[in-house]
Each structure stands twice: as structure tokens, then as C-alpha cells.
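1. Pasting the sequence and the predicted coordinates here, then a few questions.
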Amino acid sequence: MEEKKVDTRNNGNATAATRAKNKYRDKNYDRMELALPKGMKAEIVERVKEGKADSNNAYVVAAVKEKMERESEC
């Protein structure tokens, strides 16, 4: 197993670029942890590789939007 390398260049402080990216992310996105049944993540990754979405996140967002649209039609 590979050990994770710890970046000690900034003594644990974020660079200006990282702070800017985090500020943009916090302003424009809501974040949510997602727990999937074992194996479902691998299925999503495979579908993304097949070109069914640009990213894992895009695949999940599209699925959630599709379900929300179906529910609002009822």
C-alpha cells in the first residue's frame, strides 16, 4: 500500500489559488455526502467511462434531476 505524501510546503496553510477555488465552490455549489450500496459506485464509474456522462458527479446530478422531474409530473 502506498503512503500518502504530506505537503509541508505551506505548513498546512492553503495557497491563494486554493482559497480562491474553495471560495468559488462554496458560493456556487451545495455539497452533500452520498452513501451508495457496495458496487453501485463501480457501476457509475463504468457508465461514465462508456460516455454516458462527463463525470461521476454529472451522472448523479442528472439522475437526481430526472427523478425530481418525474415526481413533479404526478
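-> Noted; the coordinates are in hand. Numbering: from 1, shown residues only.

2. give me the number of residues near residue 57?
-> 13 (other Cβ atoms under 10 Å). (Each C-beta comes from the backbone N, C-alpha and C, glycine too.)

3. Over to residue 74?
-> Residue 74: 4 neighbours (other Cβ under 10 Å).

4. out of all of them, which helix in this protein is the longest?
-> helix 56-73 (DSSP state H).

5. Read off the pLDDT value for the spatially most central residue of the chain.
-> By Cα atoms, centre = their mean, the mean C-alpha position of the chain lies nearest to residue 57, the distance being 4.6 Å. Per-residue confidence at residue 57 stands at 96 (pLDDT).

6. Can you list the buried residues in the longest helix of the chain?
-> residue 59 (16 or more other Cβ atoms under 10 Å).

7. which residue packs closest to residue 55, ignoring adjacent ones?
-> Leaving aside its sequence neighbours, residue 55 sits nearest to residue 48 (Cβ to Cβ, 6 or more residues apart in numbering; 6.3 Å).
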